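# structure here, sequence nowhere to be found:
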């Protein structure tokens, strides 16, 4: 596959982007370099290489969820400008 100006123009059109001539030249060079890199990767022998799922041996190191209440509802509503007994009141944002 060859990257040329026509392909850059087509990609720009498909992605709804506009490039000036300097940006097109830079993009063309970058895409060509990416293609060269991918071709180098394809030439590697990966016959006995296992797929890599994790970079390290650690898997899913997550802490357990802990339910704790830092403040009470009354404390949370204390400085609210609009509120009722239990909830914050906010302006309506969805119109029918």
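Sure, I can see it. Every value quoted in this text rests on a predicted model; they were computed, and no experiment measured them.

# contacts, neighbours, all on C-alpha from now
OK.

# could you give me the buried positions within the lowest-mean-pLDDT helix or strand in the chain?
Least confident element among the helices and strands of the chain, by mean pLDDT, DSSP states H and E: helix 73-77 (a mean of 89). By 16 or more other CA atoms under 10 Å, the buried positions in helix 73-77 come out as residue 77.

# in this protein, where's the longest helix?
For the chain, the longest helix by residue count, based on DSSP state H, is helix 21-42.

# give the buried residues for that one.
So, applying 16+ other CA under 10 Å, buried residues of helix 21-42: 24, 27-28, 31-32.

# what about that helix, distance to the chain center?
Relative to its parent chain, helix 21-42 has a centroid offset of 22 Å by CA atoms, centre = their mean, to the nearest Å.

# try stretch 67-78
Its chain's C-alpha centre lies 33 Å from the corresponding centre of stretch 67-78 when counted by CA atoms, centre = their mean.

# could you work out the end-to-end span of it for me?
22 Å (CA to CA, to the nearest Å).

# could you count how many residues lie near residue 6?
For residue 6, the count of nearby residues is 9 (other CA atoms under 10 Å).

# typed the wrong thing, it's residue 91
Residues near residue 91, counting by other CA under 10 Å, number 6.

# for the one 4 residues further on, same thing?
Burial measure for residue 95: 4 neighbouring residues, criterion other CA under 10 Å.
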